[in-house]
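In: give me the fold of what follows.
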Amino acid sequence: MLHIYREPRVYSGASCILCKVVISLSDIKELERKVLKFLFNHPWEYVPGRVLQGLFGVDHNTLQKIINRLRRKGFIIFSHRRKGY
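Out: Residues are numbered from 1 along each chain as shown. I've put the predicted structure just below:
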């Protein structure tokens, strides 16, 4: 199951995303929004990472960094190994 909650958190410092493919910051923010919206629309089922990769046209590392960035922003995204997010 997937549960996403919004918690207010304060983080200091800047975060950066490094990926093999050059993606602009606005594209990253757009991808974050799309991933979060998709996960919100599928709250009671695990969504495999490969499905998300195919939907958004990103590789494993980029998807992982987007999920981690959303978590740092305060979203709680549960994941289960071999099942998804």
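In: for residue 31, pull up the helix or strand it's in.
Out: helix 25-41 (DSSP states H and E).
In: list the buried ones in that helix?
Out: Buried positions in helix 25-41, judged by neighbour count with 16 or more other C-beta atoms under 10 Å: 28, 31-32, 35-36, 39. For the C-beta atoms, the positions are set from N, CA and C on the backbone; glycine is no exception.
In: just the pLDDT for residue 64.
Out: On pLDDT, residue 64 comes in at 93.
In: list the contacts of it.
Out: Contacts for residue 64 were tallied using C-beta atoms under 8 Å, 6 or more residues apart in numbering; they are residue 49.
In: what about it, is that helix, strand or coil?
Out: Under DSSP: H, G, I helix; E, B strand; the rest coil, the three-state class of residue 64 is helix.
In: any idea how far residue 40 is from it?
Out: 19 Å (C-beta to C-beta, to the nearest Å).
In: so how far is residue 45 from the residue lying closest to residue 35 once chain neighbours are set aside?
Out: Leaving aside its chain neighbours, residue 35 sits nearest to residue 66 (5.5 Å; criterion: C-beta to C-beta, 6 or more residues apart in numbering). Distance of residue 66 to residue 45, computed by C-beta to C-beta: 19 Å.
In: can you check residue 59 too?
Out: Distance of residue 59 to residue 45, given as C-beta to C-beta: 23 Å.
In: residue 29 now?
Out: Distance from residue 29 to residue 45, by C-beta to C-beta: 26 Å.
In: cool, and residue 64?
Out: 20 Å.
In: run through the helices of the chain in chain order.
Out: 25-41, 49-56, 60-72 (DSSP state H).
In: CA atoms only for the longest one - export them in CSV, please.
Out: Output for helix 25-41, consisting of C-alpha atoms alone and laid out as CSV, is shown next (Å, rounded to 0.1, in the frame of the first residue of the first chain):
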residue,chain,number,x,y,z
LEU,A,25,15.5,22.4,-13.2
SER,A,26,12.0,23.3,-14.5
ASP,A,27,11.8,19.8,-16.0
ILE,A,28,12.8,18.3,-12.6
LYS,A,29,10.1,20.3,-10.9
GLU,A,30,7.6,19.2,-13.5
LEU,A,31,8.6,15.6,-13.1
GLU,A,32,8.2,15.9,-9.3
ARG,A,33,4.7,17.3,-9.7
LYS,A,34,3.8,14.5,-12.1
VAL,A,35,5.2,11.7,-10.0
LEU,A,36,3.5,13.1,-6.9
LYS,A,37,0.2,13.5,-8.7
PHE,A,38,0.4,9.9,-10.0
LEU,A,39,1.2,8.5,-6.5
PHE,A,40,-1.7,10.5,-5.0
ASN,A,41,-4.1,9.0,-7.6
